[in-house]
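A.B. asks: Using only what follows, build the 3D model:
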Amino acid sequence: MTNLNMAKALNAALRSSLADDPKVLLMGEDIGTLGGVFRVSDGLAKEFGAHRVIDTPISESAIVGTAIGLALRGYRPVCEIQFDGFVYPAFDQIVAHLAKLRGRSGGRLRVPVTIRIPFGGGIKAIEHHSESNEAYFAHTAGLRVVVCSSPGSAYDMLRAAIASDDPVIFYEPKRLYWDKEEVDLAHAPLASVLDAAVVLRAGTDATIVTYGPTTRVALAAANIAQQEGRSLEVIDLRSLSPIDIDLVNASVRKTGRAVVLHEAPTFLGLGAEVAAQISHDCFYSLQAPVQRVGGYNLPYPHSGVEDEYLPDVDRLLDAVDRTFEE
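C.D. replies: Model (predicted):
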């Protein structure tokens, strides 16, 4: 076990994948000499060479388009998008080509491309550096969309994503890059790591379904609720497409109440889909309507009022209280 922050755990996962498979390549703006904006690829160009850790032009469309061609030739490219809001120039390449090629070819073509996207707020940056745009890609059939939430999950999930034959959108919560924990670097990448949600904290009175940066908010709320005599179960989805709805449903059938929490706006966000599935599958077990807590349906605000925008412990506990008022 090694004590690592999330950025270092991701670096370790990239190093392991590069060492295990000579077909793995890293591509992105300033990832070689600089080591990336968040230093996730720090030292890898020196270790594996500029032919495998490739500094690209400032063109996200070209990065992903080139990665698709490389994947069709047998490589496993890992693309870094510097910030969430910078992915839009590559949107056509991702949704019209990367997501479609396997189905379009009847399964004959594989496009094992991993696209790493630092996402979300909490670092006092501006709007194109603080967005939560996961719903765009979760809505696109043919893509796996996953979100890590801790150093350990970052290490395991990134290795599994790179080893997967499917295209993977890999979201990394920026405000958790510096969180530390003990990480087992001996874990083998397993495909199931990308599909399965996990129970971060067991509880009996209500279920909190969350992912990414708001897992920390949910666990903090559960600690406070425990002091008030209320037991909250916290589920980290980890996979947004597909969703491990069976684990979620099992929890809600036990607790009878559910709150879905994420940083993205609630309007047409992932929480709407999760809430709909829970309401359909667990209708006779629910003791109150499913609640959703998230960002507001507004452009991401100035850093001075960012804390008012981001869902916090108080807003989550208010939603939990509402499930007991019905």
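A.B. asks: quick one: strands adjacent to the lengthiest strand in the chain?
C.D. replies: In the chain, with assignment by DSSP state E, the single longest strand is strand 258-265. If you go by DSSP bridges, strand 258-265 pairs up with strand 206-210 (parallel), strand 291-295 (parallel).
A.B. asks: among the ones you listed, which is the most enclosed?
C.D. replies: strand 206-210 (a mean of 30; mean count of other C-beta atoms under 10 Å). For the C-beta atoms, the positions are set from N, CA and C on the backbone; glycine is no exception.
A.B. asks: Name the surrounding residues that touch that one.
C.D. replies: Contact partners of strand 206-210, identified using C-beta atoms under 8 Å, 6 or more residues apart in numbering, comprise 217-218, 221-222, 230-237, 248, 251-252, 254-262, 271, 274, 278, 316, 320, 323-324.
A.B. asks: Can you report how many residues lie near A9?
C.D. replies: A9: 27 surrounding residues under other C-beta atoms under 10 Å.
A.B. asks: Just give the nearest non-adjacent residue to it, would you?
C.D. replies: Using C-beta to C-beta, 6 or more residues apart in numbering and skipping the chain neighbours, the partner closest in space to A9 is P151 (3.8 Å).
A.B. asks: distance of that neighbour from P173?
C.D. replies: With distances taken as C-beta to C-beta, to the nearest Å, P151 is found 12 Å from P173.
A.B. asks: before we move on, back to that, check the offset of the next helix or strand after the longest strand of the chain from the chain's centre.
C.D. replies: Going down the chain from strand 258-265, the next helix or strand is helix 270-281, by DSSP states H and E. Chain-centre distance of helix 270-281: 19 Å, with C-alpha atoms, centre = their mean, to the nearest Å.
A.B. asks: One more: stretch 208-225?
C.D. replies: The answer for stretch 208-225 is 15 Å, by C-alpha atoms, centre = their mean.
A.B. asks: Could you pull out the buried residues of it?
C.D. replies: For stretch 208-225, burial by neighbour count (16 or more other C-beta atoms under 10 Å) applies to 208-219, 221-222, 225.
A.B. asks: domains for the chain, by residue range?
C.D. replies: Listed by automatic domain parsing, the domain ranges of the chain are 2-194, 198-323.
A.B. asks: any idea of the mean pLDDT for the last one?
C.D. replies: This points to domain 198-323. Regarding domain 198-323, the rounded mean pLDDT is 96.
A.B. asks: do the first one as well
C.D. replies: When pLDDT is averaged along domain 2-194, the result is 94.
A.B. asks: gap between the two ends of it?
C.D. replies: For domain 2-194, the first-to-last residue distance is 22 Å (C-alpha to C-alpha, to the nearest Å).
A.B. asks: which residues of the chain fall in helices?
C.D. replies: Using DSSP state H, the helices of the chain run over 6-20, 44-48, 60-72, 91-92, 101-104, 134-138, 151-163, 215-227, 245-255, 270-281, 306-309, 313-323.
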